[in-house]
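Peer 1: I'd like to go over a predicted model; first the sequence, then the structure.
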Amino acid sequence: MSTDKRRIGIVPFGEVPEIALKVIAAHISACLHLPSQILPSLENPEYALDRGRYQYDAGIILETLESMSFKDCEKVVGVLNLDLFIPIFTHTFGEAKIGGQFALVSLFRLAKNPDGSSPPSSLVYERAVKVALHELGHLFELLHCEDKRCLMHFSGSIEELDETPLYLCRYCSIYLQDELLR
Amino acid sequence: MDKKMSIMIVDDEEIVRKSLFHWFKKYGHVVEIASSGFEALEKLVKYPFQLLFVDIKMPEMDGIELLEKVKTEYPDTLVVIITAYGSIESAVKAMRIGATDYLLKPFNPDQLSLVMERISVQKRLVSEYNYMKGRLEKITRFDNIIGQSSAMEAVFRIIPEVAQSDSSILLFGETGTGKELVAKAIHAESRRSHLPFIAINCGAIPESLLESELFGHQKGVFTGATRARKGFLEVVSGGTLFLDEVGEISSKMQIDLLRVLEERKITSIGSREPVEVDFRLISATRRDLKKEVAEGGFREDFFYRINVIMIEIPPLRKRKEDIPLLVEHFLKKYSQETTKKVDHITHDTIKLLKRYDWPGNVRELENAIERAVVLSKARTLRIEDFSFLRSSTVPISRPLSLRKMEKNHIQQILEECSWNVTQAAKILEINRVTLHKMIKRYNLKRPDNSS
């Protein structure tokens, strides 16, 4: 498969700092060795707002993305600065279906430390990159990994996300290679 | 044995079912959904799910009622109750009935992870206990491989040929066909015969134990590792390692074993020093691994590494001419073991045994002979001594009417007695006239080839 076919699109929703998009794009190239492209911005997904929770339903946004065409990109990562949720859960940092085409990353909860303080912007971008690469992993069929020293380990809190490394464990690296060679 | 679980989500709200379905899929679990308690019970009949997530508030049958039914009929199935704020009382009630845990919705993803971690630890401890118990109780049998059929002759011919090489061998055959016996025979014929033969049933060992069983561990690397222990890959030193049910091992373990086969070195858990290992690998499976490789369920690189030579062991139904020989062998064996003088079997009984398909293969035949010898009151085994086989010859895949059951049963007894009505009537404990009437009523026909 040509590398062009493996291109990853990054699409911002509403106002998202450009630097966050660039950092995500750079890490997709550096960590996954895949070309990436920042796509034109889409409007904030007001259609997915749950007025009872005042959060945005990640499933509805993904369904909307699935109805759109991104013909030059094999996978697309949507980046938002809104609070996302999956019904039944209180929140989510990102969402993607195993083997799907679209993933979401929310910066909303990444810009605050557990003690309420504000982290430096570099840390916020590092967290965003981890979520983006983790969700991309799901798009390439990777499952959650039990190894805490693996990017595919599930992080439900900011503390855990900060402990999660930016790289895959030996097994998940092999699974990803298998998938990319398919 | 994999850490993945079979999970069913029971909730009347589609959105909840969908959310949890995708969530568990990300961990590689087998996930099913049910929109009501009735649907859940129907699905449980078809597949014994290990874990149920049940919403407490559902129309018709609520979560508590479902929990009670599940705990009565499937006591090993774990149930986690999902409840809304304000219904804590019901959650407490659920815990008293036997729920494993409960979650208040909407819940933090971490809370679900914690519940799953607790369940996984509990499951691991149970399977480790069962494995250790089984290991202590295991009786090793060193029987010979019996057979004169052309199918077995082919296996006998290949054993000395492959024994001389060091190539990895994959034995393919249904359960109970004697794969371990063939592996032992290859080992006995090989230049490694004076060195250990170690058999590991990968399907029976919990994944958490398999790694330390194979690779060994250093002192203190995990709870319970009170001293360092060498793994089987090291202990086998120069001998033959037999991995039974190799299709059951996780893809992570396949990656690790592939590395060992390529580098001939292992590093025990908690150690940094690799140790050189030397062994001949024989694996066995009853699954079609080639098909699983094509479907992505088994690693292709590992498959080709363990499958340098493949030997297919035929199922008993394809070598029925061996049944008299096997029966004679087992009869002798169990007469000696039980010190009961049961050393004959009627010709008709042999014919009956040859008609049966033996889904459990030689092992099932051996168990049948053992049971018959133990229960027999005479010196000669007869058709009646194998009446327990009849019930298993008609697989009941769906509920049948009484009339249909009666018809099937009469047909089967007649076939077993080669349509000898007097004999069949005796077994059925009815008179011949009644049996003739039933044959007419059910329009039963003698097959053309019957004499």
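Peer 2: Nice, I can see it. For clarity, every value in this text was computed on a predicted model and none was experimentally measured.

Peer 1: give me the residue from chain A nearest chain B.
Peer 2: Scanning chain A for proximity to chain B using CB to the nearest CB identifies A:G156 as nearest, at 3.5 Å. Any C-beta I mention is one placed from the backbone N, CA and C, and that applies to glycine too.

Peer 1: Report pLDDT for that residue.
Peer 2: pLDDT, A:G156: 88.

Peer 1: And what about it, helix, strand or coil?
Peer 2: Secondary structure, DSSP: H, G, I helix; E, B strand; the rest coil: A:G156 is coil.

Peer 1: Who are the packing partners of the lengthiest helix in chain A?
Peer 2: In chain A, with assignment by DSSP state H, the single longest helix is helix A:121-139. Applying 3 or more CB pairs under 8 Å, 6 or more residues apart in numbering or on different chains; DSSP states H and E, one finds that helix A:121-139 contacts helix A:18-32, strand A:75-80, strand A:94-96, strand A:102-106, helix A:158-163.

Peer 1: 10 Å - rerun?
Peer 2: strand A:8-12, helix A:18-32, strand A:75-80, strand A:94-96, strand A:102-106, helix A:158-163, helix A:170-181 (3 or more CB pairs under 10 Å, 6 or more residues apart in numbering or on different chains; DSSP states H and E).

Peer 1: got the angle between it and strand A:8-12?
Peer 2: Helix A:121-139 runs at 130 degrees relative to strand A:8-12, counting by axes from the mean of the first three to the mean of the last three CA atoms, to 10 degrees.

Peer 1: one step back: with distance to chain B and mean neighbour count as added columns, please give the helices and strands packed on helix A:121-139 in CSV.
Peer 2: Shown next, in CSV, are the helices and strands packed on helix A:121-139 (distance: least, CB to the nearest CB, whole Å; neighbours: other CB atoms under 10 Å in any protein chain shown):
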stretch, distance to chain B, mean neighbour count
strand A:8-12, 20, 22
helix A:18-32, 19, 17
strand A:75-80, 16, 25
strand A:94-96, 8, 26
strand A:102-106, 12, 27
helix A:158-163, 8, 16
helix A:170-181, 5, 16
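
Peer 1: In chain A, which residue is most central in space?
Peer 2: In chain A, the centroid-proximal residue (CA atoms, centre = their mean) is A:A132; its distance is 2.7 Å.

Peer 1: Tell me who's in contact with that one.
Peer 2: A:8, A:10, A:20-21, A:23-25, A:27-28, A:77-79, A:93-94, A:96, A:103-105 (CB atoms under 10 Å, 6 or more residues apart in numbering or on different chains).

Peer 1: re earlier: return the distance of the residue of chain A closest to chain B relative to A:T92.
Peer 2: 9 Å (CB to CB, to the nearest Å).

Peer 1: Please work out how many residues are found near B:G224.
Peer 2: 9 (other CB atoms under 10 Å in any protein chain shown).

Peer 1: That one touches B:Y129, doesn't it?
Peer 2: No: using CB atoms under 10 Å as the test, B:G224 is too far from B:Y129 to be in contact (12.0 Å).

Peer 1: quick one on the thing from earlier: and the helices and strands packed on helix A:121-139 as JSON lines, adding distance to B:L261?
Peer 2: Output for the helices and strands packed on helix A:121-139, formatted as JSON lines (distance: least, CB to CB, whole Å):
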{"stretch": "strand A:8-12", "distance to B:L261": "35"}
{"stretch": "helix A:18-32", "distance to B:L261": "29"}
{"stretch": "strand A:75-80", "distance to B:L261": "34"}
{"stretch": "strand A:94-96", "distance to B:L261": "35"}
{"stretch": "strand A:102-106", "distance to B:L261": "36"}
{"stretch": "helix A:158-163", "distance to B:L261": "34"}
{"stretch": "helix A:170-181", "distance to B:L261": "15"}
